[in-house]
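> this one's sequence-less:
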């Protein structure tokens, strides 16, 4: 069974976000595998161990992303691929790059994180499924797979506090939600083995996409932190007085009425 994991490198969730010159300041920041992608890597390794086959982790990004890919190799993935990211690439462009790569290789299942903790859009994996015409299910908390010819996957997905069971023909794409598994930590033997595992690098040109296909749909003009939260205000008096004071504050101070 061949499983491909779409992986992204993000800020460590313990890092404090700093903004400088309308951009996120990355100086001295620690980067890690996107936490939801760790569930995807772990599930792929478990499926490989249960049904044999191969786990390939692929990421679109700068050379810095190699660290996250090597961590996934140390966890137990078999192969890693780093695809160069064009300047100004948005979710649509990254999805096109991943879809172009996937068209070049056979696979039974694609697994990604439910969303990334930095941008939080949850777009890339679902765009890939659309581009490749793959059946897909998101926010998966339980998965069983029958990889036999004409195989199927049965997935339980988080449906806003309830569970929904869906069945998908393979090949398919799913996104992993918290609770799907408990990701393992890389061991020292795993780290040593990772150094000898295949690690490929593809340039933007290697994918055969045109300049128009690599044109982003969106543009980031600037990034700013939210305004500091102000202290709360207690309204005194009887209930009618508090209601009048609240309406006055909403109208004159907050200007939302």
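The structure has been received and is ready for your questions. Owing to the predicted nature of the structure, the values given are computational and were not obtained by experimental measurement.

> Please make it C-alpha for all contacts and neighbour counts, starting now.
Will do.

> Same question for stretch 188-203: list its buried residues.
190-191, 194, 199, 201 (16 or more other C-alpha atoms under 10 Å).

> do stretch 9-27 as well
Applying 16+ other C-alpha under 10 Å to stretch 9-27 flags 9-12 as buried.

> Also stretch 50-61?
In stretch 50-61, counting by 16+ other C-alpha under 10 Å, buried: 54-61.

> how would you label residue 44: helix, strand or coil?
helix (DSSP: H, G, I helix; E, B strand; the rest coil).

> Could you report the distance from it to residue 157?
17 Å (C-alpha to C-alpha, to the nearest Å).

> Name the residues that touch the lowest-mean-pLDDT helix or strand in the chain?
Least confident helix or strand of the chain, by mean pLDDT, DSSP states H and E, is strand 23-24 with a mean of 71. If you take C-alpha atoms under 8 Å, 6 or more residues apart in numbering as the criterion, strand 23-24 is touched by 17-18, 222-224.

> how far is the next helix or strand after that strand from where the chain is centred?
Moving toward the C-terminus from strand 23-24, the next helix or strand (DSSP states H and E) is strand 31-33. Here strand 31-33 is found 12 Å from its chain centre; the criterion is C-alpha atoms, centre = their mean, to the nearest Å.

> And for strand 31-33, what's in contact with it?
Under C-alpha under 8 Å, 6+ apart, the answer for strand 31-33 is 7-12, 68-69, 71.

> mind running it again at 7 Å?
8-12, 68 (C-alpha atoms under 7 Å, 6 or more residues apart in numbering).
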